[in-house]
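1. Pasting the sequence and the predicted coordinates here, then a few questions.
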Amino acid sequence: MIRGLFTSASSMMARRTEQEVVTNNLANLNTVGYKRDRIAFHNILDAATMVNNYPNFLGIEYIETDYSGGQFKQTDNPLDFALEGDGFFVAEYGNRQFYTRNGHFKLSDEGALLTENGFQVMGQDGPIILPENDIVVNKDGTIQSDDAIVGKMLVVDFADPRTLDKAGYNLFSKPAEVQDPQIIDTTIKQGALEESNVNPLEEMVNLIMISRDYNENQKSIQTQDSTLQKAVNDLGRI
């Protein structure tokens, strides 16, 4: 009986975590370059093993980010960029570097190219500073102004992007133990943005399944609690 209570409670806690992940995905449905998260569960069916070996067991093996590409949206804004392939733009704040798929950039008063939250966008030769004239960014990332090359956008990738941490502001950070990224050649589209890879229909179906499973486990706990209470009361009268 206690094992049954533990199993149902663990499932409810796992589903609550899954619900938080799914609702966060839906909240970022319209966030440029957002990558959805998903949960993988342990395949452990023996409740006794769970109780004995995993006292804090929730059934969740890991939460990982899905880096599959999103659809492209044409904006015709010369400061909007999309990566047509793997990789990340590099943004710097203080002495730290961050990585993003969000290419919706802006200019500072000094002509520095910045992310939406004001982080410095990096080029292969350092921070990107743009002239007052119109710019054209070629597919290989070279930045031209009046037929002169003024820089090249920095695009990097990791051996396994799943090792990155989400750092907020639609940015990723590199844990200290992860190897430094490598510069890669990825096609850059100027005047376009990559939309999030969240499928709203899939996430809504997930929410329905989570809710149903949560309710079923809740009913199971109530039934087991009622049965346990009756057994204790009956045994007490014997």
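-> Ah, there it is. Numbers count the residues shown, from 1 in each chain.

2. after the helix or strand bottoming out on mean pLDDT in the chain comes which helix or strand?
-> Least confident helix or strand, the chain: helix 47-53 with a mean of 54, by mean pLDDT, DSSP states H and E. Later in the chain than helix 47-53, the nearest helix or strand by DSSP states H and E is strand 60-65.

3. and that following strand, average pLDDT?
-> If you average the pLDDT over strand 60-65, you get 83.

4. buried set for it?
-> For strand 60-65, a neighbour-count test (16 or more other C-beta atoms under 10 Å) marks 60, 65 as buried. Just so you know, the C-beta spots here come from the backbone N, C-alpha and C atoms, and that holds for glycine as well.

5. Then stretch 61-77?
-> 65, 67, 69-70, 75.

6. Give me the distance between it and the centre of its chain.
-> Taking the mean of its C-alpha atoms, stretch 61-77 sits 9 Å from the chain's own mean (C-alpha atoms, centre = their mean, to the nearest Å).

7. can I assume V21 sits in a helix?
-> Yes - per DSSP: H, G, I helix; E, B strand; the rest coil, V21 lies within a helix segment.

8. quick one: it and Y34, what's the gap?
-> The gap separating V21 from Y34 is 13 Å, by C-beta to C-beta, to the nearest Å.

9. So which of the two has more stuff around it?
-> Counted by other C-beta atoms under 10 Å, V21 and Y34 do not tie: Y34 has more neighbours, with 24 against 17.

10. wait, that one sits on F172?
-> No - judged on C-beta atoms under 8 Å, Y34 makes no contact with F172 at a distance of 11.3 Å.

11. Tell me which stretches of the chain form helices.
-> Here the chain has its helices, by DSSP state H, at 2-27, 47-53, 200-237.

12. per-stretch mean pLDDT over those, give me the minimum one.
-> Across the helices of the chain, the lowest-scoring stretch is helix 47-53, with a mean of 54.

13. Just give the closest residue to Q71, not the sequence neighbours.
-> E195 (4.9 Å; C-beta to C-beta, 6 or more residues apart in numbering).

14. average model confidence for stretch 71-87?
-> 96.

15. Please renumber the chain so that the first residue is 45 from this point on.
-> Got it, the first residue is 45 from now on, which makes the last one we talked about stretch 115-131.

16. So what's the gap between that stretch and the chain middle?
-> That offset, for stretch 115-131, works out to 19 Å (C-alpha atoms, centre = their mean).

17. doesn't F216 make contact with Q141?
-> No - here Q141 does not reach F216: they are 10.1 Å apart, not a contact under C-beta under 8 Å.

18. Am I right that D201 is in contact with D224?
-> No - counting by C-beta under 8 Å, D201 sits too far from D224 to count as a contact (11.1 Å).

19. These two: which is more packed in?
-> Applying other C-beta under 10 Å to D201 and D224 shows that D201 carries more neighbours, namely 18 against 8.

20. show me what contacts the more buried one?
-> By C-beta atoms under 8 Å, 6 or more residues apart in numbering, the contact list for D201 reads 130-132, 225-226, 228, 230.

21. Just the buried ones among the residues you listed, please.
-> 131-132, 225, 230.
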